[in-house]
Every structure is written in structure tokens, then in C-alpha cells.
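1. next input, structure requested:
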Amino acid sequence: MAQADVLPRVKAALGDLALKVEWEKTNQAFITVPVERIVEANRILAEQPGVRFAICTGLDTRDAVEVLYHFCLDPEHYTVTLKTSAAKPFPELDSITGVIPAAETIEREMMDLLGVKFRNHPRPERFILSDDWPEGVYPLRRDYRHES
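-> This is a model prediction of the structure:
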């Protein structure tokens, strides 16, 4: 399949879940999806032929934590990112580990570093921060202040 066919195929698969395509490059697209349907959107994309989950990232955008799910379409050398936002101060969304088990550790990292709660996560315990790290303090949040 040619690169030009990738985005229309992905948009068609996602249907009404694709709220907006924010940015397109020759080989990259960012698609905003509703936070309450993030598991469904990830499942649909992961089931597409030639598509693999690469990583999930998070970004503090002041009022929310933006969670981005990056997928590679290797045969076409194309990347599609599903993007959603979970409102602060207590960002919460459903875990995708039920459809993409490989997301378990990266979701745990975001729990530690950004304070995102992933509902129905199989192992919601700390992953990176020490057990004595203060509750409610997230080092990748904009409001984090390091005390020396």
C-alpha cells in the first residue's frame, strides 16, 4: 500500500472516533480521539494489517495530560499517533493493556511521572519512583519543583 493510501484507510477504520487530524506530514499523522473511547480506538488501530504499537507518551499541557499512542505502519514507513487528553488535576483514563499488553510498563511510567491514573490497569503499583517518593508529586508535571 502506498503512503498516500494510509491516512484515508486509518480514518475509515476509526470512523467517528477520529475527531480531528491535527497535523499531517508525508509519513506522519496525529489523530485526536475521545478520551472515553481510547481503548476502542487503540484496538481498532492495533488490529489493522501491518500496524504495530510502538510506544505511548504523555505531556502536561497545563489543564490536562495529553496521552499519545504511537503506531508504526512499517511497510509504508508511516507513523500514526492517537491523541487524547485527560483533565487535571487528577487525569484519568482507561488502560489499553487489555488490548495491547505491551503498554503495561509505559502506563506505569506515566502513573509515576505524570500522575495519570489508568483505570483497570493490571499492576498499578510504582515502576520508576522509589517507594518513599511523596504521594501526589509528579516530576514531569509543569508544577513540579525540585527541593534540594
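2. every contact and neighbour count from this point should use C-alpha atoms.
-> Noted.
3. burial measure for the closest residue to Arg119 other than its chain neighbours, as a count.
-> Excluding the flanking residues, the one nearest Arg119 by Cα to Cα, 6 or more residues apart in numbering is Asp94, at 4.6 Å. Neighbour count for Asp94, taken as other Cα atoms under 10 Å: 16.
4. confidence score at Asp94?
-> As predicted, Asp94 sits at a pLDDT of 98.
5. touching, it and Ile38? I think so.
-> Yes - when contacts are counted by Cα atoms under 8 Å, Asp94 is listed as touching Ile38 (7.2 Å).
6. find the residues that touch each one of the two.
-> Here Asp94 and Ile38 share no contacting residue, scored by Cα atoms under 8 Å, 6 or more residues apart in numbering.
7. the helices in this structure, which residues?
-> 3-14, 38-46, 104-114 (DSSP state H).
8. how big is the angle separating the lowest-mean-pLDDT helix or strand in the chain from helix 3-14?
-> The least trusted helix or strand in the chain, going by mean pLDDT, DSSP states H and E, turns out to be strand 20-25, with a mean of 79. Angle, strand 20-25 to helix 3-14, by axes from the mean of the first three to the mean of the last three Cα atoms, to 10 degrees: 160 degrees.
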